[in-house]
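*Asks:* how would this look folded up:
(4 chains)
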Protein chains: 2
Amino acid sequence: MTRPTMEDVAAAAGVSRSLVSLVFQDSPKVSEASRSRVLAEAERLGYRPNVLARQLASNRTKTIGILLDDLHNPYFADVLDAFEAEAESAGYRALLANGRREGERESEALRTFIDHRVDGVILASPRISDSVLTSMSKIAPLVCVERRVDLPRVDVVMHDEQIGAQLVVDHLVGLGHRDIVHIDGGSGAGAAARRDWFMQSMRDAGLAASMRVIGGEFTEHAGREAAEQLVRGALPTAIYCANDAVAAGVAAVLQREGISIPGDVSLVGYDDTMLAKLDLLSLTSVRQPLAAMANASVELINRRIDKPRRGADIVDIAPTLVTRRSTAAPRA
Amino acid sequence: MTRPTMEDVAAAAGVSRSLVSLVFQDSPKVSEASRSRVLAEAERLGYRPNVLARQLASNRTKTIGILLDDLHNPYFADVLDAFEAEAESAGYRALLANGRREGERESEALRTFIDHRVDGVILASPRISDSVLTSMSKIAPLVCVERRVDLPRVDVVMHDEQIGAQLVVDHLVGLGHRDIVHIDGGSGAGAAARRDWFMQSMRDAGLAASMRVIGGEFTEHAGREAAEQLVRGALPTAIYCANDAVAAGVAAVLQREGISIPGDVSLVGYDDTMLAKLDLLSLTSVRQPLAAMANASVELINRRIDKPRRGADIVDIAPTLVTRRSTAAPRA
DNA sequence: GCATGCTATTGGAGCGCTCCAATTCACTCG
DNA sequence: CGAGTGAATTGGAGCGCTCCAATAGCATGC
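*Replies:* Alright, predicted model coming up:
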């Protein structure tokens, strides 16, 4: 299991180690003849460059770390797709880590990335403490996605919550709804903004009087609890949930109670995850502009590699609404 | 952004680089006094060992790669949890990669792992060709999970499909069902075994005459199509689906047709993913023994590191059945 | 007082690569 | 025909660490 090195390839091809190195860096200053001879010998010997040695010598890993908060949440699978694709097309290799919804584990994963000398780290909805973020930001470029931190050296990419709320409220009001409830995400990341912009949009639509907010969390369970509360009291004509999982919980309770969606109640989710796409639910949902967010994130990392001491940037990107069968005009 | 090295720490603590190295390897032969002085200086300087250099010098990365086929499938999130935990407790660091359901991408990811000199790779339901597998297995220990390959040097960990099928059939027959349909996974990995053991179990239960199989795929869409077919013809009293996603598709169609679960039809899934746990579905499902499978996989990697030329092992592990509200006795 | 055996520490070689300055080897041109 | 040019190639230093053999320091026993 001892593997060939550059030296071996060089000897086989009758050239120097440096030349082999140049070939594997795609350098233009290698003659066609040498190049093909080296490549042929490398192939024959089964040589693959040792990334470790390369990185150590060049002090550049061309790798970025992507830290995801919770791989059980299908939203993060979408996030990953978009960010991995973007990193790749920018010439980076992506390394993944799973935070498992614990700040401590995330810090650990972030440290692992740093130890591996990644060129930058993208943190999706991280729960890491500001102090860890601050100290790590001195070592490598960090971009927070969907968490609005205010630290001197940490860039932030958000989707625009205001537009998201407006899209939902406009859609529902356009269908004729006036009595709209929002089940919020409690103390979860971004929940406050989502709630506040809902209220603002309702006020703008002149519906300040009929708007309601129920406290929740970003889970299916919280959705069920909120729905139980609603079916015992006055049912609205539309329910706008903090995310798709909450909406799934609400749908379960409504179904059990024989309340039809969208016949009796329209239902809206957030994040447009695989749950929303399930035919069983077919949920109208706000889709985050992940591709654009990924693009902005990698861009920010590149900028910070060039200029490490730059002030922090915040980028906001507009989401869109995906309408499905869970919303319709209210019963006359 | 230039970071301190061992040399810096050694100078600050007034010792040699070697001693610092020993401290960071937790060597017992360092005096308590030196150890604490070194650690204090390292802390003060913000030193973190360079993993790259360490790995290059020691020729051991203490890292294993985990290759997942499809992070959109919640099953793989569960797989990841189990395997990551196991790797960690065995003293390995886990590196992740996402195959996105394409053999070509998986090969690429596997090569990346190899380039990074991981000590071993665990491949979950891989689609990689046997030839790539064979050539890579000469370089690093490979374990295939849930795909029965027959290659001289590649170990295999499976859950026991026979027991899974028996659990489902016994459960349904125990409830009084006789007319049971299986919607299979088509040409997907493991689909054939799942189907064949279903048929065998039905025969064993003396129900060869009333068993039916419908061709499908491992997707929600396939579930819907199969269900359309069933509702147009003779509905069975129980439907056993190749996985949870298929069951979700079936449930959507049955609900639309006003067919009650489990009142009219009992429904069983496979994999016990987050979908099965949704209150909306509350699906009886077969749970794969992921923790035990993870344990076996890491064990096999360790064994192959010690003895690279060993013949291939195949390990089968028994699954369990999780019963939920989607199954009940058939209508009298 | 000296060989003996410890344990704690050190210097140096080397892991496989990159990068830079230096060299070689045609060619061209005045 | 020698200086000059540019492209292709090379040797060597060094990236930050580990590992090994060597050494220092010190108590022990005869």
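
*Asks:* so what's the residue in the stretch 151-300 of chain A positioned nearest to DNA strand D up against?
*Replies:* Residue nearest to DNA strand D within the stretch 151-300 of chain A: A:Arg153 (21.4 Å; CB to the nearest atom of the strand). The C-beta positions use only the backbone N, C-alpha and C, and glycine is treated the same way. A:Arg153 makes contacts with A:134, A:137-138, A:142, A:304, A:308-310, A:312, as judged by CB atoms under 8 Å, 6 or more residues apart in numbering or on different chains.

*Asks:* can you name every helix or strand that the helix or strand containing A:Arg224 contacts?
*Replies:* Per DSSP states H and E, A:Arg224 falls inside helix A:220-232. On a contact count with 3 or more CB pairs under 8 Å, 6 or more residues apart in numbering or on different chains; DSSP states H and E, helix A:220-232 meets strand A:180-183, strand A:212-214, strand A:238-241, helix A:244-256.

*Asks:* so which of these is the most packed in?
*Replies:* Of the helices and strands packed on helix A:220-232, the one with the most neighbours on average (mean count of other CB atoms under 10 Å in any protein chain shown) is strand A:238-241, at a mean of 30.

*Asks:* sheet-wise, list the partners of that one with their directions.
*Replies:* strand A:180-183 (parallel), strand A:266-270 (parallel) (DSSP bridges).

*Asks:* among the contacts of A:Arg153, which one has the most neighbours?
*Replies:* Neighbour counts for the contacts of A:Arg153, by other CB atoms under 10 Å in any protein chain shown, peak at A:Leu142, which reaches 31 neighbours.

*Asks:* for chain A, what spans make up the helices?
*Replies:* A:6-13, A:17-24, A:32-45, A:51-58, A:74-89, A:103-115, A:130-137, A:161-175, A:191-204, A:220-232, A:244-256, A:274-277, A:290-306 (DSSP state H).

*Asks:* for A:Ala124, which of the ones you listed is the nearest?
*Replies:* For A:Ala124, the closest of the helices of chain A is helix A:74-89, at 5.2 Å, according to CB to CB.

*Asks:* how about A:Tyr47, what does it touch?
*Replies:* A:Tyr47 is in contact with A:3-6, A:8-9, A:41, counting by CB under 8 Å, 6+ apart.

*Asks:* now, of those residues, which are buried?
*Replies:* The neighbour-count test (16 or more other CB atoms under 10 Å in any protein chain shown) marks A:4-6, A:8-9, A:41 as buried among these.

*Asks:* report pLDDT for the residue in the stretch 51-200 of chain A that DNA strand D sits nearest to.
*Replies:* Of all residues in the stretch 51-200 of chain A, A:Ala57 sits closest to DNA strand D, with a separation of 3.6 Å (CB to the nearest atom of the strand). For A:Ala57, the pLDDT comes out at 94.

*Asks:* for it, give its distance to DNA strand C.
*Replies:* Using CB to the nearest atom of the strand, to the nearest Å, A:Ala57 is found at 3 Å from DNA strand C.

*Asks:* got it, and A:Val30?
*Replies:* Counting by CB to the nearest atom of the strand - A:Val30 and DNA strand C are separated by 12 Å.

*Asks:* which residue comes closest to that residue once chain neighbours are left out?
*Replies:* A:Leu22 (5.1 Å; CB to CB, 6 or more residues apart in numbering or on different chains).

*Asks:* over to A:Arg148: give its phi and psi.
*Replies:* Here is the backbone geometry of A:Arg148 (degrees, to the nearest 10): phi -90, psi 90.

*Asks:* what is the burial count for it?
*Replies:* Counted with other CB under 10 Å, A:Arg148 comes out at 14.

*Asks:* in this structure it contacts A:Val156, no?
*Replies:* Yes: between A:Arg148 and A:Val156 there is a contact under CB atoms under 8 Å: 5.8 Å.

*Asks:* quick one, grab the pLDDT at the residue nearest to the spatial centre of chain A.
*Replies:* Chain A has A:Val79 as the residue nearest its centroid, 3.6 Å off, counting by CA atoms, centre = their mean. On the pLDDT scale, A:Val79 is placed at 93.

*Asks:* and for A:Phe76?
*Replies:* Looking at A:Phe76, its pLDDT is 89.

*Asks:* same check, this time on A:Met1
*Replies:* Confidence for A:Met1, expressed as pLDDT, is 63.

*Asks:* spell out which parts of the stretch 1-150 of chain A neighbour chain B.
*Replies:* Proximity of the stretch 1-150 of chain A to chain B, by CB under 8 Å from any CB of the partner chain, involves residues A:1, A:3, A:46, A:48-53, A:55-56, A:61, A:71-72, A:74, A:77-78, A:80-81, A:84, A:93, A:95-98, A:100, A:111-112, A:114-117, A:135, A:138-140.

*Asks:* show me where chain A dips below the pLDDT cut-off.
*Replies:* Low-confidence segments of chain A (pLDDT under 70): A:1.

*Asks:* mind giving me the domain split of it?
*Replies:* A:6-49, A:63-160+A:289-319, A:161-287 (automatic domain parsing).

*Asks:* figure out which of the ones you listed is closest to B:Asp196.
*Replies:* Checking these against B:Asp196 by CB to CB gives domain A:161-287 as the closest, at 28.9 Å.

*Asks:* turn the contacts of A:Tyr47 into JSON lines, including distance to A:Glu88.
*Replies:* Formatted as JSON lines, the contacts of A:Tyr47 follow (distance: CB to CB, whole Å):
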{"residue": "A:Arg3", "distance to A:Glu88": "26"}
{"residue": "A:Pro4", "distance to A:Glu88": "28"}
{"residue": "A:Thr5", "distance to A:Glu88": "28"}
{"residue": "A:Met6", "distance to A:Glu88": "26"}
{"residue": "A:Asp8", "distance to A:Glu88": "30"}
{"residue": "A:Val9", "distance to A:Glu88": "27"}
{"residue": "A:Glu41", "distance to A:Glu88": "29"}
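
*Asks:* please list which of those also come close to DNA strand C.
*Replies:* Of the residues in the contacts of A:Tyr47, proximity to DNA strand C by CB under 7 Å from any atom of the strand holds for A:3, A:5-6.

*Asks:* right, and A:Gln166 touches A:Arg203 too?
*Replies:* No: the pair A:Gln166 and A:Arg203 fails to qualify as a contact (CB under 8 Å) at a distance of 11.7 Å.

*Asks:* the two: who's more crowded?
*Replies:* Taking other CB under 10 Å, A:Gln166 and A:Arg203 do not tie; A:Gln166 has more neighbours (19 against 13).

*Asks:* A:Ser125 contacts A:Asn73, correct?
*Replies:* No: A:Ser125 is beyond contact range of A:Asn73, at 9.2 Å (criterion: CB under 8 Å).

*Asks:* number of residues surrounding A:Arg60?
*Replies:* If we define neighbours as other CB under 10 Å, then A:Arg60 has 11 of them.

*Asks:* what residues are up against it?
*Replies:* Applying CB under 8 Å, 6+ apart, the residues contacting A:Arg60 are A:Asp119.

*Asks:* related to what we said a few turns ago, where do the contact lists of A:Arg148 and A:Val156 overlap?
*Replies:* A:Ile314.

*Asks:* for stretch A:262-278, the distance to its chain's centre please.
*Replies:* 20 Å (CA atoms, centre = their mean, to the nearest Å).

*Asks:* list the buried ones in that stretch?
*Replies:* Across stretch A:262-278, burial judged by 16+ other CB under 10 Å covers A:262, A:265-278.

*Asks:* go through those and name the one nearest B:Ile317.
*Replies:* Closest to B:Ile317 out of the buried residues of stretch A:262-278 is A:Met274 (28.1 Å), distances taken as CB to CB.

*Asks:* hmm, A:Ser21 is touching A:Glu7, no?
*Replies:* No: at 10.6 Å, A:Ser21 does not count as touching A:Glu7 under the criterion of CB under 8 Å.

*Asks:* looks like A:Val9 contacts A:Glu43 (just checking).
*Replies:* No: contact criterion CB under 8 Å: A:Val9 and A:Glu43 do not qualify, at 9.6 Å.

*Asks:* cool, thanks, signing off.
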